[in-house]
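In: predicted model follows, preceded by the sequence.
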Amino acid sequence: MKHQHPEQGHVHQRRLAAELERNPQLRGSMAAMQRAAQMARQIAIQTDTAVIRVKNGQIVRVTADELRAEIAAEQAALAAQR
């Protein structure tokens, strides 16, 4: 499997963002992908399964327990801001 340098991911993200701005048919696609990813995380938690994600250019398996911990940390951070 080919692994990319973490900085390459940022380059690809900037290119994708530029393409999304230029192409009206793609403008809603990023939001749709984010909604789909959120739904996948919710289903993984409900079914106690894992999801696969790319982190720092590496493909990693994230368990339902790890997802729960991420959500708890996000909620704690939001509560601390209030």
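Out: Perfect, I can see it now.
In: in this protein, which residue is most central in space?
Out: Centroid check for the chain by C-alpha atoms, centre = their mean gives residue 37 as the closest residue, at 6.4 Å.
In: ok, it - contacts?
Out: Counting by C-beta atoms under 8 Å, 6 or more residues apart in numbering, residue 37 makes contact with nothing. All C-beta spots, glycine's among them, are computed from the backbone N, C-alpha and C.
In: could you tell me whether it really is in a strand?
Out: No. Counting by DSSP: H, G, I helix; E, B strand; the rest coil, residue 37 is not found in a strand; it is helix.
In: per-residue pLDDT, it?
Out: Note on residue 37: pLDDT of 94.
In: go on, the one 10 residues further on?
Out: Here, the pLDDT recorded for residue 47 equals 98.
In: burial check on it, number of neighbours?
Out: Counted with other C-beta atoms under 10 Å, residues neighbouring residue 47 total 9.
In: need the contact list for it.
Out: Contact analysis of residue 47 by C-beta under 8 Å, 6+ apart lists residue 64.
In: now the residue nearest to the centre of the chain: how far from residue 71?
Out: 13 Å (C-beta to C-beta, to the nearest Å).
In: cool, and residue 20?
Out: 27 Å.
In: and the end-to-end length of stretch 55-64?
Out: Taking C-alpha to C-alpha, to the nearest Å, stretch 55-64 runs 17 Å from one end to the other.
In: ok, which stretches of the protein are helices?
Out: Using DSSP state H, the helices of the chain run over 6-22, 29-47, 64-81.
In: nearest to residue 57, of these?
Out: Checking the helices of the chain against residue 57 by C-beta to C-beta gives helix 6-22 as the closest, at 4.8 Å.
In: helices and strands around the closest one, which ones?
Out: helix 29-47 (3 or more C-beta pairs under 8 Å, 6 or more residues apart in numbering; DSSP states H and E).
In: show me where pLDDT drops low in this structure?
Out: Where the chain drops to pLDDT under 70, the residues are 1-9.
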